[in-house]
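# predicted coordinates and the sequence they were generated for:
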Amino acid sequence: MFEEAALDLGHPRKQEAASWAAEILSGKPAGWTVDRDVWQKAAEAGVQSLTLGQPTSAVEAMLTFEGIGLGAADNGLAFALASQVFAMQRAFDSVASAQQRNRWQGGLTAGELFGSFAMSEPDAGSDTSAVATTAEEQADGSWVLNGVKSWVTLGPLCDVAIVFATSDRSLGAWGLSAFLVDANADGFGRGPAREKVGLASCPFGELILEDCRVPADALLGKAGAGAAIFGRAVEAERVFLYAAQLGAMERVLDRTVERARSRQQGGTNIGSHQAVSHRIVDMKLRHEAARLLAYKAAAVHDRGDNIALPAGLAKLQAAEMAVASAVDSIRVFGASGYLAETGLGVELGDAVGGLAYSGTVDVTRNIVAGLLHLDRPLRRSDE
Ligand SMILES: Cc1cc2nc3c(=O)[nH]c(=O)nc-3n(C[C@H](O)[C@H](O)[C@H](O)COP(=O)(O)OP(=O)(O)OC[C@H]3O[C@@H](n4cnc5c(N)ncnc54)[C@H](O)[C@@H]3O)c2cc1C
C-alpha cells in the first residue's frame, strides 16, 4: 500500500476523494462555513470512519485526505475534517471506555456530531505544561472544570470536546487529565468564531468553562493520563493534519504550471524563462519530497513502529514548503497572483496556519533535535 500510494500521484483512492470534495463544495457561496449537511455527507463517504469504528490504514487515510485537499479549493473543510478525524477521534479511540463509545462513537462517525480537541489556552500555547484550566473531583465522582481553551478548531460548532485540564498544577504534566465534555453541560460556553487569515470555512474559537460540571464517566482514560493521551494523539496528528496540504500543494503546482505554459511575454510563454521554470521545479521538488516523507510516516505508523521522528520531519517539510510554494506561485502569476480573485492569497493564508497548528514548526524542530540527542554531549561510550 505504501509503495502504491507513494509512487502513484494519481492513485485511484486519491482521485475518488478529490472528485468527491470538488462536487461537495461546488456552488457553495462565498463566506460559507462548515455545516451539518456537509458533515453528514462526509460521513456517508466514510471520512469520519477512517480513524474510528472500523479504521483503515494510515496510508489509506492519508490518500483520502490528500485527495480531499486536491479536489477542494476550500482548504477549511479539509482542515476541519482532519482535525476531528485525526486529533479528536484518534485521542478518543486510544482510551475510550465501552460506555463512552456507546455514547459518542456512532454520532461522530455518522456525521451527526462535531468533535473538538482542546488543549491550547491564552497563556498555554507551545508550553502545554502551563495549562491553567482546572478540574476538581467532587465527592460523587463528578468533576468541575474552570478555564478557557483557545484556538479550538470547530469550537463554535462542537457537540463534544476533549478538554485537557489540570487537577494539580504542582504535578505539571502528571496532573493533566482529559475529559469528554458535552457541549450541553451546564457551565459550558463558547466565544465567537474568530476571523483568521486562512482556512476561512473552518470555524475556530474559545471554549469557556465556568463551573462546568461533568459526570465521572466524562474522564477519558485515567486521572493524570492527559499528557500521555495528548502526546500520542499529537505525535500522529503532526503528520496526518498535513495530508490535505499535500493535495493543496499539488493543486497550486498544477495551476502554476498551466500559467507558465499559457502566459506569453516577450513572444514566448513565461515557463521558457529559466527564472520561472526553476522556481516551478523547486515547487515540484518540495511537493514530491513532502509526499514521500508523509507516506513514509504513515507506513511507519501502520507497521506499529515509533512515528515521532518521521512525523516531525514530514510535518516540517509539508508545513514550510506549502508556504514557500504558495509564495512562489504568486510570483509566477505576477500581479494577477496578487488579485483576490485568483485565490492564491487564500492558498497562502491557508498554508500559513500550518506553521502553528499541532505545535509550531519551532517546537517541532525542538522535538526532532531531542530525538537526535543534540542536547547531549558526546561521551566516549557513544564513539
Ligand atoms: C488554524 C489553527 C488551528 C488550531 N486548532 C487548535 C485546536 O483545535 N486545539 C488546540 O488546542 N489548539 C489549536 N491551535 C493552537 C495551536 O496548537 C497553537 O497555536 C500552538 O500550539 C502555538 O501556541 P501559540 O499560538 O500560543 O504560540 P506561542 O506558544 O505563544 O508561540 C509564539 C512563538 O514562539 C515560539 N516558541 C514558543 N515556545 C518555543 C520553544 N520552546 N522553542 C522554540 N520556539 C518557541 C513559537 O514557535 C512561535 O513562533 C490551532 C492553531 C491554528 C493556527
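Received, thanks. If you're wondering where the values come from, they're calculated on a predicted model, not measured in any experiment. Residues are numbered from 1 along each chain as shown.
# and residue 140, what does it touch?
If a contact means Cβ atoms under 8 Å, 6 or more residues apart in numbering, then residue 140 has residue 216 as its contacts. Yep, even glycine has a C-beta here, placed from its N, CA and C like the rest.
# mind checking how far the closest residue to the ligand within the stretch 101-250 of the chain is from residue 359?
Scanning the stretch 101-250 of the chain for proximity to the ligand using Cβ to the nearest ligand atom identifies residue 125 as nearest, at 1.8 Å. For residue 125, the distance to residue 359 under the criterion Cβ to Cβ, to the nearest Å works out to 9 Å.
# more neighbours, these two?
In this view residue 125 and residue 359 are compared by other Cβ atoms under 10 Å, and residue 359 has more residues nearby, 21 against 16.
# doesn't that one fall inside a strand?
No. With DSSP: H, G, I helix; E, B strand; the rest coil as the criterion, residue 359 is located in coil rather than a strand.
# need the per-residue pLDDT for it.
Note for residue 359: predicted pLDDT of 93.
# so which residues of this structure form helices?
In chain order, the chain shows helices spanning 2-7, 12-25, 36-44, 58-71, 75-82, 89-95, 98-109, 226-240, 243-262, 274-303, 308-333, 344-353, 361-371, with DSSP state H as the criterion.
# and the fifth one, what other elements does it pack with?
Here helix 75-82 is seen to pack against helix 12-25, helix 58-71, helix 243-262, helix 344-353 when contacts are counted using 3 or more Cβ pairs under 8 Å, 6 or more residues apart in numbering; DSSP states H and E.
# with the shortest one instead?
Here helix 2-7 is seen to pack against helix 58-71, helix 274-303 when contacts are counted using 3+ Cβ pairs under 8 Å, 6+ apart.
# ok, back up a step: and residue 147, which of the helices of the chain is closest to it?
Of all those, the one in closest proximity to residue 147, counting by Cβ to Cβ, is helix 226-240 (13.1 Å).
# tell me the angle of the closest one relative to helix 308-333?
For helix 226-240 against helix 308-333, the angle between stretch directions is 40 degrees (axes from the mean of the first three to the mean of the last three Cα atoms, to 10 degrees).
# what's the most buried one of the helices and strands packed on helix 75-82?
When you average the neighbours per residue for each of the helices and strands packed on helix 75-82 (mean count of other Cβ atoms under 10 Å), helix 58-71 leads with a mean of 27.
# need the contact list for residue 173.
Under the criterion of Cβ under 8 Å, 6+ apart, the contact partners of residue 173 comprise 128-129, 226-227.
# again, 10 Å this time
Taking Cβ atoms under 10 Å, 6 or more residues apart in numbering as the criterion, residue 173 is in contact with 128-129, 131, 166, 224, 226-228, 230-231.
# ok, now residue 182?
Applying Cβ under 10 Å, 6+ apart to residue 182 gives the contacts 103-104, 158-161, 188, 212, 214-215, 218.
# now, those that are in strands?
When DSSP state E is applied, those are split such that 160-161, 188, 212, 214 fall in strands.
# distance of the most far-flung residue of the chain relative to its centre from the ligand?
For the chain, the residue at maximal distance from the C-alpha centroid (Cα atoms, centre = their mean) is residue 267, at 44.2 Å. The span separating residue 267 from the ligand equals 44 Å under the rule Cβ to the nearest ligand atom, to the nearest Å.
# re the thing from before, residue 205 is nearest to which of the helices of the chain?
For those, the distance to residue 205 is smallest for helix 75-82, at 12.9 Å, taking Cβ to Cβ.
# and the closest one, average pLDDT?
96.
# next: stretch 53-67.
93.
# residues contacting the residue nearest the centre of the chain?
Among the residues of the chain, the one closest to the centroid is residue 241, at 3.0 Å (Cα atoms, centre = their mean). If a contact means Cβ under 10 Å, 6+ apart, then residue 241 has 65, 78-79, 82-83, 85-87, 153, 234, 315, 318-319, 353-354, 357-358 as its contacts.
# can you list the residues of the chain near the ligand?
Where the chain comes near the ligand, counting by Cβ under 6 Å from any ligand atom, the residues are 83, 117-120, 125-126, 151-153, 199, 204, 353, 356-357, 359-360, 362-363, 366.
# among these, the buried ones, what's the PyMOL command?
Selection of buried members from those for PyMOL, criterion 16 or more other Cβ atoms under 10 Å:
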select buried, resi 83+117+118+119+120+125+151+152+153+199+204+353+356+357+359+363+366
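# right, I'll leave it there.
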